[in-house]
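# Please find the sequence and the predicted model below.
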Amino acid sequence: MPHTMQVMALHAPGEPLRPAQRPVPTPGPGELRLRVSACAVCRTDLHVVDGDLALPRLPIVPGHEIVGVVEALGAGVDPAWLGRRAGVPWLGHTCGHCRACLGGRENLCEAPVFTGLGRDGGFATHVLAEADFCIALDEPAALALDDLHAAPLLCAGLIGWRTLRMAGDPVTEAATVGLYGFGAAAHLVAQVARHRGQRVLAFTRPGDTAAQAHARSLGAVWAGGSDEAAPEPLDAALIFAPVGALVPTALAAVRPGGRVVCGGIHMSDIPAFAYRLLWQERQLLSVANLTRADATEFLAIVRDMAHTTPLRVDVTPYPLARANDALADLRAGRLQGAAVLVPAGA
């Protein structure tokens, strides 16, 4: 086993990530160490790098959509973890005793630690994680995706699923769903929604014909720019683009009683809008983080889809050393699907 590892670390907001070599860490009590095989790049990573989120520590290694193999265990960790394929998501620790945790809403924990923000993440060859917050990818049945294609499930998939679920029942409340922003999360959500029998309409950046074609290829019944009027009333709108101006646009597109769900961790300011857009019992909701139960539910759906129409995960791989290029391509909207970092030798 090597004694050193490679990381891409953020030293100050707005600066490019810097490559560095560090000693391979030893897992502490309750922790395990993974050899990273793939780490997807999330828009939240952009918010971390750009300083949109409060940074509890610097330097920090971003990355929270991690797939790897467990190669070392700390005290108290079940030996069965050793050698297993595992995922490490955004939620890296909760206190377990605040009102939210005790009420089954660990995503709203008052003292959480997030992977790639409060503890070093997966833009590295190795990573430490709390075993209790890791996701076994080989149980109850092996996930039928390789590491490169499984990595985006750990946030784009999980947050996308939580956002879709909050839209309401797929038959009685959210039969027709509009997706605003068609990136990593939406391209997975569109397929899951279709699997559940929902109709999907996709709203992209104005003029982004490539993203619109991508959406149609994944089952969207209509795709156009976010500056276009919806061709029919929506039961629900899911906003994945971090653009506050889309909120009144989406409210105007949903029927009375419909829901608008904001799926991102950060968004530009929402402009003032007329009360009539919210009236008639329309609802405006936000999604915060995820729970371990979300992972169990979502991966069960992915495994079920494998028997009929397998989930298609579109990825663009980058070597770990090109993490800054991956972030730049994500920022510029040059990706269809997700960027995924692959350490050398993985």
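Received, thanks.
# Make sure residue 141 is actually in contact with residue 303.
Yes. If you go by C-beta atoms under 8 Å, residue 141 and residue 303 touch, sitting 5.9 Å apart. The C-beta positions use only the backbone N, C-alpha and C, and glycine is treated the same way.
# Give me the more crowded residue out of these two.
residue 303 (16 against 11; other C-beta atoms under 10 Å).
# In contact with that one, which residues are there?
141, 143-144 (C-beta atoms under 8 Å, 6 or more residues apart in numbering).
# Closest one to residue 29 out of the residues you listed, please.
Nearest to residue 29 among the contacts of residue 303: residue 143, at 28.4 Å, using C-beta to C-beta.
# okay, the closest one: pLDDT?
Looking at residue 143, its pLDDT reads 86.
# With adjacent residues omitted, what lies nearest to residue 252?
Using C-beta to C-beta, 6 or more residues apart in numbering and skipping residues adjacent in sequence, the residue nearest residue 252 is residue 277, 5.5 Å away.
# Contacts only, for that neighbour.
Contacts of residue 277 (C-beta under 8 Å, 6+ apart): 248, 251-252.
# so where is the stretch 201-346 of the chain shaky, pLDDT-wise?
For the stretch 201-346 of the chain, the stretches flagged by pLDDT under 70 are 345-346.
# quick one: average confidence on the top strand by length along the chain?
Criterion DSSP state E: the longest strand present in the chain is strand 31-41. Average pLDDT, strand 31-41: 98.
# Use 26 as the first number for this chain going forward.
In the new numbering, first residue 26, that becomes strand 56-66.
# Just checking: what are the partner strands of that strand?
Its sheet considered, strand 56-66 pairs with strand 91-98 (antiparallel), strand 151-155 (antiparallel), strand 363-367 (antiparallel) by DSSP bridges.
# okay, those in JSON lines with mean neighbour count and distance to residue 264 next?
Rendered in JSON lines, the data for the strands paired with strand 56-66 read as follows (neighbours: other C-beta atoms under 10 Å; distance: least, C-beta to C-beta, whole Å):
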{"stretch": "strand 91-98", "mean neighbour count": "23", "distance to residue 264": "26"}
{"stretch": "strand 151-155", "mean neighbour count": "25", "distance to residue 264": "30"}
{"stretch": "strand 363-367", "mean neighbour count": "26", "distance to residue 264": "18"}
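# of all these, which lies closest to residue 349?
Among the strands paired with strand 56-66, strand 363-367 sits nearest to residue 349 (C-beta to C-beta), with 10.7 Å.
# Following element in sequence after the biggest helix by length in the chain, please.
Scanning the chain for the helix with the most residues, using DSSP state H, yields helix 317-330. Scanning forward in sequence from helix 317-330 by DSSP states H and E, the next helix or strand is strand 340-344.
# Buried residues in the longest strand of the chain, which are they?
56-66 (16 or more other C-beta atoms under 10 Å).
# which one of these sits closest to residue 134?
Among those, and counting by C-beta to C-beta, the member closest to residue 134 is residue 56, at 18.4 Å.
# The closest one touches residue 101, doesn't it?
No. The criterion here is C-beta under 8 Å, and residue 56 misses it with residue 101 at 9.1 Å.
# which one is residue 96 nearest to, not counting chain neighbours?
residue 60 is the one closest to residue 96 (C-beta to C-beta, 6+ apart), at 5.1 Å.
# And for residue 289?
If the residues on either side of it in the chain are set aside, residue 289 comes closest to residue 267, at 5.0 Å by C-beta to C-beta, 6+ apart.
# what's the answer for residue 83, then?
residue 36 (6.1 Å).
# so who does that neighbour touch?
Applying C-beta under 8 Å, 6+ apart, the residues contacting residue 36 are 43, 83-84.
# just checking, which of those residues belong to strands?
Reading strands off these with DSSP E, I get residue 43.
# Using TSV, lay out the contacts of residue 36 together with neighbour count and pLDDT.
Shown next, in TSV, are the contacts of residue 36 (neighbours: other C-beta atoms under 10 Å; pLDDT from 0 to 100):
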residue	neighbour count	pLDDT
43	13	98
83	10	96
84	14	97
